[in-house]
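> requesting a structural model of the entry that follows:
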Amino acid sequence: MVTTERATGPTVESAMTVSPVVISEDEAIAAVAELLSGYDISGLPVVDDTGRLVGIITEHELLEAVLRPEIGQLKVGDLMTTEVLT
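The predicted model follows:
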């Protein structure tokens, strides 16, 4: 049986952040730590120069970066997850 009734209750729109904190894929990993800590969040959308979503970077990727000897040279684009559902 197919129904055309709309679900009731909270909508995605009512729960989403309209202007989220984002980071560029060219930023240094230290910038990720500063933003996550400063805004008390666990992940950041990654955007390109046009503002288009290209990935996400989370605390998990940040922790993995700490273990890599080249951490000082890493950029957000080196660690972000690119398979993001929108």
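
> which helix or strand contains Gln45?
Gln isn't right for residue 45; it's Pro. strand 43-47 (DSSP states H and E).

> and the very next helix or strand once past that strand, what's its mean pLDDT?
Remark: after strand 43-47, the chain's next helix or strand is strand 53-58, criterion DSSP H and E. Strand 53-58 comes out with an average pLDDT of 96.

> got the angle between strand 53-58 and strand 43-47?
160 degrees (axes from the mean of the first three to the mean of the last three CA atoms, to 10 degrees).

> tell me what strand 53-58 is packed against?
strand 43-47, helix 76-79 (3 or more CB pairs under 8 Å, 6 or more residues apart in numbering; DSSP states H and E). Every residue, glycine included, has its C-beta placed from N, CA and C.

> would you turn those into a markdown table with mean pLDDT and mean neighbour count?
Output for those, formatted as a markdown table (pLDDT from 0 to 100; neighbours: other CB atoms under 10 Å):
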| stretch | mean pLDDT | mean neighbour count |
| --- | --- | --- |
| strand 43-47 | 96 | 21 |
| helix 76-79 | 95 | 19 |
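
> redo those as a markdown table? Include distance to Ser24.
Formatted as a markdown table, the helices and strands packed on strand 53-58 follow (distance: least, CB to CB, whole Å):
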| stretch | distance to Ser24 |
| --- | --- |
| strand 43-47 | 6 |
| helix 76-79 | 7 |
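
> quick one: closest of those to Arg68.
helix 76-79 (8.9 Å; CB to CB).

> chain center to the helix or strand bottoming out on mean pLDDT in the chain, what's the gap?
Sorted by mean pLDDT, DSSP states H and E, the helices and strands of the chain end with helix 12-15, the least confident at a mean of 81. Chain-centre distance of helix 12-15: 18 Å, with CA atoms, centre = their mean, to the nearest Å.

> okay then, goodbye and thanks.
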